[in-house]
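> have a look; sequence and predicted model below, questions after that.
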Amino acid sequence: MRISARQLTFDVDVTGPEGSPVVLLLHGFPQSRHSWRLVQPYLSGFRVVVPDQRGYSPDARPADVEDYRIAQLTADALAILDALEVPAAHVVGHDWGAAVAWQLGARHAERLLTLTTVSVPHPRAFLTALESDSEQRAKSLYMRDFAQPGYDGTLLADDAAGLRALFGGLPQVDVAHVVAAAREPGALAAWLRWYAAQRREDIADTPAVTVPTLYVWSDQDLALGRAAAEGTAAWVCGAYRFEVLAGVSHWVPEQAADRLGPLLVDHLGAS
């Protein structure tokens, strides 16, 4: 379906029995709602809402970098829930979707039943790691490139060799789908605005989270290290569960759907 909110129109899949608890799945870069396809079967007892977020839905693609700051992205998620008349949902996010999910959990706890973040730690733990952990600083250097104007051309050059390389040849990732979407006019440039719009001051005061929280991190993640992952516990005051997936890369919802799915069902059912 298509949902109009905040003067934008989002492409959203809504499945599952009406009246059931709602699960909002938020994707990351450089993917789309398609990245959750292997996890969704585990959520058959829920009403599952999966949007293509700002920049990814063709009619929600503003040109101004400032329109991609984290408060705008968080407001989009709330507006989608509002449009569907959902007062509170289980929120699950991966990668940039997890960054949005942390803001929802920290600043809009009344709208969450539970929080699940995949790969990305609490923003305060991440900032601490950037300051004190050389491994995390090295892992994060790519963000400077991604934030540069015109970097979409670099990633799409040579039959999108740079974009394809992000996935490390994992057979579970539908790279062809990602590349096809990225080649739409203006698409990849819009996705990269999430990086260009990052501002330390937007996340430096992120509160601790009080809602029941599951954080899933994988030990082969090339972008996010152990220091921030383990430091996240200090920023969750409510019920907290930290799961480490050994031998799994950053692309958890596809590479390890068979491990993430049961963790989700257990966490959502325990709330």
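Good, I have the coordinates.
> please count neighbours and contacts with C-alpha atoms only from this point.
OK.
> from residue 111, how far off is residue 141?
34 Å (Cα to Cα, to the nearest Å).
> neighbour-wise, which of these two wins?
residue 111 (18 against 11; other Cα atoms under 10 Å).
> what residues does the closest residue to the more buried one other than its chain neighbours make contact with?
Closest residue to residue 111 apart from its sequence neighbours, by Cα to Cα, 6 or more residues apart in numbering: residue 88 at 4.2 Å. Contacts for residue 88 (Cα atoms under 8 Å, 6 or more residues apart in numbering) come out as 22, 81, 110-113.
> just residue 208 next, same as before
106, 235-237.
> next, work out how far apart the nearest residue to it once chain neighbours are set aside and residue 226 are.
Closest residue to residue 208 apart from its sequence neighbours, by Cα to Cα, 6+ apart: residue 235 at 4.5 Å. As defined by Cα to Cα, residue 235 lies at a distance of 15 Å from residue 226.
> check residue 71 too.
Counting by Cα to Cα, the gap from residue 71 to residue 226 is 27 Å.
> more crowded one of the two?
residue 226 (19 against 14).
> quick one: low-confidence parts of the stretch 151-271 of the chain?
For the stretch 151-271 of the chain, the stretches with pLDDT under 70 are 270-271.
> one step back: so the residue nearest to residue 208 sits against residue 128, correct?
No: contact criterion Cα atoms under 8 Å: residue 235 and residue 128 do not qualify, at 11.6 Å.
> when these two are compared, which one has more neighbours?
Set residue 235 next to residue 128 and count neighbours by other Cα under 10 Å: residue 235 wins out with 19 against 15.
> contacting residues around the residue nearest to the spatial centre of the chain?
Centroid check for the chain by Cα atoms, centre = their mean gives residue 97 as the closest residue, at 1.6 Å. Applying Cα under 8 Å, 6+ apart, one finds that residue 97 lies in contact with 25-28.
> would you confirm that residue 62 contacts residue 53?
No: the criterion here is Cα under 8 Å, and residue 62 misses it with residue 53 at 11.8 Å.
> for those two, indicate the residue with more neighbours.
In this view residue 62 and residue 53 are compared by other Cα under 10 Å, and residue 53 has more residues nearby, 26 against 15.
> name the nearest residue to the more buried one, sequence neighbours excluded.
That would be residue 10: by Cα to Cα, 6+ apart, it lies 6.9 Å from residue 53.
> is the one you found in a helix, a strand, or coil?
For residue 10, the secondary structure call by DSSP: H, G, I helix; E, B strand; the rest coil comes out as strand.
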